[in-house]
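Asks: coordinates only, no sequence provided:
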């Protein structure tokens with residue numbers, strides 16, 4: 001029992017450390033959208049999709065789409081297309 005508890009504590013500490021080290025673990029919607037905009041601006045010439053971006057930032061594509069539209073005023077696909085055209 002003590003071994004199981006020790007292993008679980010070690011796992012928790014490892015996950016906590018990974019989260020601190022991850023550049024893309026984001027808690028605030030403003031930080032998320034800022035990071036996504038930066039990501040799009042750096043990668044718009046590549047084949048990027050909502051799924052790819054959501055995976056990159058560890059959020060659901062539905063949440064990302066909702067927050068992006070609310071913050072930027074347009075959908076993520078439209079933003080990428082406009083970025084490519086301009």
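Replies: In hand now; what should we look at? From a predicted model like this one, the values you see are computed outputs, not experimental measurements.
Asks: for residue 58, which three-state class applies?
Replies: Secondary structure, DSSP: H, G, I helix; E, B strand; the rest coil: residue 58 is coil.
Asks: may I have the phi/psi pair for it?
Replies: The phi and psi values for residue 58, taken as degrees, to the nearest 10, are phi 60, psi 40.
Asks: which parts of stretch 75-84 are buried?
Replies: 76, 79, 80 (16 or more other C-beta atoms under 10 Å). All C-beta atoms are positioned from the backbone trio N, CA, C, and that covers glycine.
Asks: columns distance to residue 31 and secondary structure on top of these, output as a markdown table?
Replies: A markdown table is the format used below for these (distance: C-beta to C-beta, whole Å; DSSP: H, G, I helix; E, B strand; the rest coil):
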| residue | distance to residue 31 | secondary structure |
| --- | --- | --- |
| 76 | 16 | helix |
| 79 | 18 | helix |
| 80 | 20 | helix |
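Asks: now flag whichever of these is closest to residue 47.
Replies: residue 80 (10.3 Å; C-beta to C-beta).
Asks: what are the boundaries of the helices in the protein?
Replies: Under the criterion DSSP state H, helices of the chain are mapped to 2-21, 29-43, 50-56, 61-72, 76-85.
Asks: among those helices, show the one with the smallest mean pLDDT.
Replies: In terms of average pLDDT, helix 2-21 trails the rest of the helices of the chain, at a mean of 58.
Asks: quick check: the closest residue to residue 54 other than its chain neighbours vs residue 51, distance?
Replies: Once flanking residues are discounted, residue 54 sits nearest to residue 61: 4.1 Å by C-beta to C-beta, 6 or more residues apart in numbering. To residue 51, residue 61 is 6 Å away according to C-beta to C-beta, to the nearest Å.
Asks: of the two, who's got more company?
Replies: residue 61 (15 against 10; other C-beta atoms under 10 Å).
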